[in-house]
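J.: missing the sequence, but the structure's below:
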């Protein structure tokens, strides 16, 4: 017997805007095709924990160097912009790798690509901890970024394929909340360990943590039920690539990804330098502890996913970008009582906006979802590499005011794009 589907979802017309997603009411579990993963089931619990581990490990490894950029500057006699390359080269290689690992997962499977990627990222982080030269550090960080691309490109695609569409935004938010906690763990551990021991020890601990997370991920993630392998023929890849760019909404979402990650990384790259200097003059340990602001993402990401069902993706995305801008303004003051809440608002807005934008890509992609997600994340991490390094120029020339002005311009551009996306007709996805 064919499964029963909520009528308001089935009759969704392409003439409706993406704001009209609020018309879709919850679907009862008894009416859903059992091959989809739904809330309240054992598979949902395992999938949630597995993807949470993946996000946790990815962001811990990715951002573990961020609070110790000043330590690198001192150890290797580098400028802030040069020191930021330890993160920028990682995200640059992630961006390039995404163009390969996304289509690769379309051909050989999601779980295998993600499992190998997590294992290699942990290995390269452990090796990085043994490096004695700056060139060695950069080489290992580049390989780490290439490895992490296999997780970043595939995780969202796996969710969009295996989770019922009604629960996708919520589950995407839970995955991204793992990213926020991972960012906290990476920054907090390296900041404190580098202050009391060395940056070598701090990276080694993060590498061991990532290795454990990779094992849990492989054990917990359910096998794919909806994956259908596709060819890796270059001609087909090119056709699918052009297909993504013909969509009216996807290119704008790609640019939004660039803006989000570029703004986020730029702010947290250089706020460490600000906190270590007057008038704050904080220790490396305290700077690491301030990473608790990442925890706001554990609430804002799934919350944003749920809010899209009532208010629409465009409205929630604009509100999240506005929250980032408000937090940025608060960081202009010279007191922690205002700067710390500002960082919390900025982080909450970032994780919420990324949750909305990334799930929106999965919603609009009509085919080759792995490639569509890869393109979004290519621009997302390209923003980290380009803006994160460029922010050092503004820091050297104009201090924190220059960095903030640079970020503000990007966020205003994001608001303009979000408003345009809000008015684009929605694409209908049939629920089977």
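T.: Cool, the structure landed. The structure displayed is predicted, hence computed values, not measured ones.
J.: quick one: low-confidence parts of the stretch 251-400 of the chain?
T.: 367-370 (pLDDT under 70).
J.: Strands of that one, residue ranges please.
T.: Under the criterion DSSP state E, counting those that start in this stretch, the stretch 251-400 of the chain carries no strands.
J.: now the longest helix anywhere in the chain, how far from the centre of its chain.
T.: Counting residues, the longest helix found in the chain (DSSP state H) is helix 369-422. In terms of CA atoms, centre = their mean, to the nearest Å, the centre of helix 369-422 is set 13 Å apart from its chain centre.
J.: Likewise for stretch 254-263?
T.: Distance, stretch centre to chain centre, for stretch 254-263: 10 Å (CA atoms, centre = their mean).
J.: same thing with stretch 194-206?
T.: 25 Å.
J.: likewise stretch 250-265?
T.: Here stretch 250-265 is found 10 Å from its chain centre; the criterion is CA atoms, centre = their mean.
J.: If you count neighbours, what's buried in that stretch?
T.: Neighbour-count burial for stretch 250-265, with 16 or more other CB atoms under 10 Å as criterion, is recorded at 250, 252-254, 256-265. C-beta here means a position set from N, CA and C on the backbone, and glycine is covered the same way.
J.: burial count for residue 55?
T.: If you count neighbours by other CB atoms under 10 Å, residue 55 ends up with 26.
J.: If you drop the residues flanking it in sequence, what lies closest to it?
T.: Spatial nearest neighbour of residue 55, excluding adjacent residues (CB to CB, 6 or more residues apart in numbering): residue 178 at 3.0 Å.
J.: What's the first helix or strand after whichever helix or strand the one you found is part of?
T.: Element membership for residue 178 (DSSP states H and E) is helix 165-196. Past helix 165-196, further along toward the C-terminus, the next helix or strand under DSSP H and E is helix 199-220.
J.: what comes up buried for that next one?
T.: 199-200, 202-207, 209-211, 213-214, 216-218, 220.
J.: other SSEs contacting it?
T.: helix 42-63, helix 69-76, helix 110-128, helix 165-196 (3 or more CB pairs under 8 Å, 6 or more residues apart in numbering; DSSP states H and E).
J.: mind redoing it with 10 Å?
T.: helix 42-63, helix 69-76, helix 110-128, helix 134-162, helix 165-196 (3 or more CB pairs under 10 Å, 6 or more residues apart in numbering; DSSP states H and E).
J.: Run through who's touching the helix or strand following the shortest one.
T.: Translated: helix 69-76. Downstream of helix 69-76, the first helix or strand assigned by DSSP H and E is helix 80-83. Outside helix 80-83, the residues that touch it by CB atoms under 10 Å, 6 or more residues apart in numbering are 65, 68-76, 88, 134, 138, 269-270, 272-273, 388-396.
J.: what separates helix 80-83 from the chain centre, distance-wise?
T.: Relative to its chain's centre, helix 80-83 lies at 23 Å (CA atoms, centre = their mean).
J.: Check the model's average confidence along it for me.
T.: Mean pLDDT, computed over helix 80-83, is 91.
J.: in the helix or strand that it is followed by, what's buried?
T.: Following helix 80-83 in sequence order, the next helix or strand is helix 85-108 (DSSP H and E). By neighbour count with 16+ other CB under 10 Å, helix 85-108 contains the buried residues 85-99, 101-106.
J.: go on, stretch 238-250?
T.: Quick answer for stretch 238-250 (16+ other CB under 10 Å): 240-241, 243-244, 247, 249-250.
J.: What's the local residue count around the closest residue to residue 175 other than its chain neighbours?
T.: Counting by CB to CB, 6+ apart, the nearest residue to residue 175 once its immediate chain neighbours are dropped is residue 51, at 4.5 Å. Neighbour count of residue 51, defined by other CB under 10 Å: 26.
J.: how close does residue 51 sit to residue 354?
T.: According to CB to CB, to the nearest Å, residue 51 and residue 354 sit 15 Å apart.
J.: one step back: could you tell me which of the buried residues of stretch 250-265 are located in helices?
T.: Using DSSP H, the buried residues of stretch 250-265 in helices are 250, 252-254, 256-265.
J.: Most widely separated two among the residues you listed?
T.: Every pair in those was compared (CB to CB); the two farthest apart turn out to be 250 and 265, at 22.7 Å.
J.: What pLDDT is listed against residue 98?
T.: At residue 98, pLDDT is 80.
J.: Was I right to think it contacts residue 153?
T.: Yes - proximity of residue 98 to residue 153 meets the contact threshold set by CB atoms under 10 Å, at 4.7 Å.
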